[in-house]
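Participant: can't give you the sequence, but here's the structure:
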């Protein structure tokens, strides 16, 4: 492992409909609700409209409820 390895930190991601594009390599993204680190290979929930990731369905539902009272 080397100090310049870009895969050590947070990735920058563009969230699309059904997929995402990694703009800056990294190992994880951060959940917009919980603040948990989500490994990229485990990322399943995100919002293309809000450009944010969620750790799981509960966090995605929480954000939806916040936006749709």
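Facilitator: That came through fine. Because the structure is a prediction, the values reported are computed rather than measured.

Participant: how close does the nearest residue to residue 28 once chain neighbours are set aside sit to residue 18?
Facilitator: Leaving aside its sequence neighbours, residue 28 sits nearest to residue 37 (C-beta to C-beta, 6 or more residues apart in numbering; 4.3 Å). In this view, the C-beta of every residue, glycine as well, is placed from N, C-alpha and C. As for residue 37, its distance to residue 18 is 23 Å (criterion: C-beta to C-beta, to the nearest Å).

Participant: for residue 8, same thing?
Facilitator: With distances taken as C-beta to C-beta, residue 8 is found 28 Å from residue 18.

Participant: of those two, which one has the most company?
Facilitator: Each of residue 8 and residue 18 had its neighbours counted (other C-beta atoms under 10 Å), and the higher figure belongs to residue 8 (13 against 6).

Participant: what pLDDT is listed against that one?
Facilitator: At residue 8, the model reports a pLDDT of 73.

Participant: residue 34 too?
Facilitator: With respect to pLDDT, residue 34 has a value of 97.

Participant: helices along the chain, start to end?
Facilitator: Remark: helices assigned in the chain by DSSP state H are 57-67.

Participant: where does it dip in pLDDT?
Facilitator: Counting by pLDDT under 70, the ranges of the chain that qualify are 1-7.

Participant: ok, what's across the strand from the spatially most central residue of it?
Facilitator: Residue closest to the mean C-alpha point of the chain, counted by C-alpha atoms, centre = their mean, is residue 53 at 3.1 Å. With beta bridges defined as DSSP bridges, residue 53 has these partners: residue 31, residue 46.

Participant: how about the contacts made by it?
Facilitator: Contacts here follow C-beta atoms under 8 Å, 6 or more residues apart in numbering; on that basis residue 53 touches 13, 15, 29-32, 38, 43, 45-46.
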